[in-house]
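# Would you be able to build a 3D model of this:
(one chain, ligands or ions: 2)
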Amino acid sequence: MADSARAQKLVYLVTGGCGFLGEHVVRMLLQREPRLCELRIFDLHLGPWLDELKTGPVRVTAIQGDVTQAHEVAAAVAGAHVVIHTAGLVDVFGKASPETIHEVNVQGTQNVIEACVQTGTQFLVYTSSMEVVGPNVKGHPFYRGNEDTPYEAVHRHPYPCSKALAERLVLEANGRKVRGGLPLVTCALRPTGIYGEGHQIMRDFYHQGLRLGGRLFRAIPASVEHGRVYVGNVAWMHVLVAREEQRAALMGGQVYFCYDKSPYKSYEDFNMEFLRPCGLRLVGTRPLLPYWLLVFLAALNALLQWLLRPLLLYAPLLNPYTLAVANTTFTVSTNKAQRHFGYEPLFSWEDSRTRTIRWVQGVESSSQ
Ligand SMILES: NC(=O)c1ccc[n+]([C@@H]2O[C@H](COP(=O)([O-])OP(=O)(O)OC[C@H]3O[C@@H](n4cnc5c(N)ncnc54)[C@H](O)[C@@H]3O)[C@@H](O)[C@H]2O)c1
Ligand SMILES: C[C@@H](CO)CCC[C@@H](C)[C@H]1CC[C@H]2[C@@H]3[C@H](O)C=C4C[C@@H](O)CC[C@]4(C)[C@H]3CC[C@]12C
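Numbering: from 1, shown residues only. Ligands and ions are numbered 1, 2, ... in the order given. Predicted coordinates:
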């Protein structure tokens, strides 16, 4: 891009900008993207915290809208230089129907792509997921893999299926001519399990531990490693990739795992890094229940969900899918983002941990 264009003031649109990750992306852009002149935040539900952002030098425009509505998306995208598409229906608990998950995650993404093409927006960053790769239905481990590691990515659950389809749409759209004739540049970021301030599932585990008298019970062997990445670093990767996409042709059509220096641990041991300093303990050095019993309980939960559906929504944390994900090693070890666009984590592990602990402690005091 020419120097004159580089000095240009940019308009960014963040879809899902009021979600867990989206809020961090929004705040990170305001802090770390000096060329920003307008930030549009598009979400089904707008948060009250947006008001505090409106007093700064960057124009902040909050847009209440639905990604499944093509005209709403096109109106929000028109005139934006960059779109960061984080909006999605993250549901592995059976709260939404498979059709709704598909509509939001796949049709919503298609709407974003078409809006870019129609209105002339050239740069699109898509928040994909590790789940596009795995764990697969066969429970094969993915141990410290990278973007090129061969792995049989076979899914049945609506959420990973929808993320995989949407990612493919985004990557296939790379190079399409947008209005005005320039090529669309797209790439996809694949976070592993994100943690940090605002993480709803961490909050749920914390409250579950309080209800159980300050204890959580180990269900998964400590040897099963689960990839985790701090939300601030995921947000930073989005900001950087969006910036560098505008300079480097190399990045079009690429996928990048999101990574940082968070340690490799089991899902439960990792959570205890934050929950232990908040007064919880994890009981057992080995799973307290045999695996077959967990499988049975998960299946029972799925049956109860189905039976109770006409009366109420029963959506516990444990179901056959979440058990399989938690019980399958999936960790990444890569430096592709560093090689392609100079990414280094902005937050150290110690910093990420301290920030998350402080946030959980705040959850505790705000719920008393
Ligand atoms: N949380 C994780 O561990 C994780 C890991 C990998 C990838 N991801 C991906 O990151 C993205 C953000 O996830 P999150 O954890 O912040 O979830 P989230 O639910 O906190 O945020 C998603 C946001 O999208 C919005 N949204 C949902 N449906 C919409 C619609 N129809 N129109 C407009 N907005 C809509 C929601 O209101 C919400 O604010 C998702 O695409 C998800 O697949 C999340
Ligand atoms: C068996 C239980 C005993 O304590 C533990 C169940 C934990 C599960 C609820 C979570 C284990 C792994 C999580 C998923 C993973 O971190 C990656 C994800 C990708 C992302 O795109 C969406 C969220 C998620 C699917 C995440 C959801 C919760 C787990 C299944």
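# Ligand 2 contacts on the stretch 201-350 of the chain?
Contact residues, the stretch 201-350 of the chain versus ligand 2 (C-beta under 6 Å from any ligand atom): I201, A219, I220, H226, Y267, E268, L317, L318, T322, L323, V325, A326. The C-beta positions use only the backbone N, C-alpha and C, and glycine is treated the same way.
# from those residues, which would you call buried?
I201, A219, I220, H226, Y267, E268, L318, T322, L323, V325, A326 (16 or more other C-beta atoms under 10 Å).
# and the stretch 1-150 of the chain, which residues reach ligand 1?
Residues of the stretch 1-150 of the chain lying near ligand 1 (C-beta under 6 Å from any ligand atom): 16, 18-22, 43-45, 66-68, 86-90, 104, 108, 127, 129.
# dump the residue contacts of the residue of the chain found nearest ligand 1.
Nearest residue of the chain to ligand 1 (C-beta to the nearest ligand atom) works out as G19 at 2.0 Å. Neighbouring residues of G19 by C-beta atoms under 8 Å, 6 or more residues apart in numbering: D43, T86, A87.
# returning to what we had before: just the residues of the stretch 1-150 of the chain next to ligand 1: which are in strands?
D43, T127 (DSSP state E).
# which ones among the residues of the stretch 1-150 of the chain next to ligand 1 come in contact with ligand 2?
V90, S129.
# list the contacts for the residue lying closest to N136 once chain neighbours are set aside?
Leaving aside its sequence neighbours, N136 sits nearest to V154 (C-beta to C-beta, 6 or more residues apart in numbering; 4.8 Å). By C-beta under 8 Å, 6+ apart, V154 lies in contact with N136, V137, K138.
# Could you turn the buried ones of those residues into a ChimeraX selection?
For the buried members of the contacts of V154, the matching ChimeraX selection, counting by 16+ other C-beta under 10 Å, is:
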select :136
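# Could you dump the buried ones among the residues of the stretch 201-350 of the chain next to ligand 2 into a markdown table and include secondary structure?
As requested, those are arranged in a markdown table below (DSSP: H, G, I helix; E, B strand; the rest coil):
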| residue | secondary structure |
| --- | --- |
| I201 | helix |
| A219 | coil |
| I220 | coil |
| H226 | strand |
| Y267 | helix |
| E268 | helix |
| L318 | coil |
| T322 | helix |
| L323 | helix |
| V325 | helix |
| A326 | helix |
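# all strands for this protein, in order.
10-15, 36-43, 59-64, 82-85, 123-127, 142-145, 185-191, 193-195, 215-217, 228-230, 254-258, 281-283, 330-332.
# Spell out which residues of the stretch 51-200 of the chain are next to ligand 2.
Looking at ligand 2, the residues of the stretch 51-200 of the chain close enough under C-beta under 6 Å from any ligand atom are V90, V92, S129, M130, E131, G193.
# And the pLDDT for the residue nearest to N136?
The model reports V154 with a pLDDT of 88.
# Can we start the residue count at 42 from this point?
Understood, numbering begins at 42; the last thing we discussed is V195.
# CSV please, covering the buried ones among the residues of the stretch 242-391 of the chain next to ligand 2 and showing distance to ligand 1.
Formatted as CSV, these follow (distance: C-beta to the nearest ligand atom, whole Å):
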residue, distance to ligand 1
I242, 8
A260, 19
I261, 17
H267, 11
Y308, 11
E309, 16
L359, 17
T363, 12
L364, 17
V366, 11
A367, 13
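# now those in JSON lines, with distance to W277 and pLDDT?
As requested, those are exported to JSON lines (distance: C-beta to C-beta, whole Å; pLDDT from 0 to 100):
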{"residue": "I242", "distance to W277": "22", "pLDDT": "94"}
{"residue": "A260", "distance to W277": "33", "pLDDT": "94"}
{"residue": "I261", "distance to W277": "29", "pLDDT": "95"}
{"residue": "H267", "distance to W277": "22", "pLDDT": "96"}
{"residue": "Y308", "distance to W277": "23", "pLDDT": "97"}
{"residue": "E309", "distance to W277": "27", "pLDDT": "96"}
{"residue": "L359", "distance to W277": "33", "pLDDT": "94"}
{"residue": "T363", "distance to W277": "28", "pLDDT": "95"}
{"residue": "L364", "distance to W277": "32", "pLDDT": "95"}
{"residue": "V366", "distance to W277": "25", "pLDDT": "94"}
{"residue": "A367", "distance to W277": "27", "pLDDT": "94"}
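# Which pair in these has the greatest spatial separation?
H267 and L359 (15.4 Å; C-beta to C-beta).
# in the stretch 42-191 of the chain, what residue is nearest ligand 2?
Ranking the residues of the stretch 42-191 of the chain by distance to ligand 2 (C-beta to the nearest ligand atom) places S170 first, at 3.3 Å.
# count of residues packed around that residue?
24 (other C-beta atoms under 10 Å).
# The nearest residue to it once chain neighbours are set aside: neighbouring residues, count only.
Counting by C-beta to C-beta, 6+ apart, S170 lies nearest to K204, which is 4.6 Å off, once chain neighbours are set aside. Residues lying near K204 (other C-beta under 10 Å) number 27.
# you'd agree K204 is up against N146?
Yes - contact criterion C-beta atoms under 8 Å: K204 and N146 qualify, at 6.2 Å.
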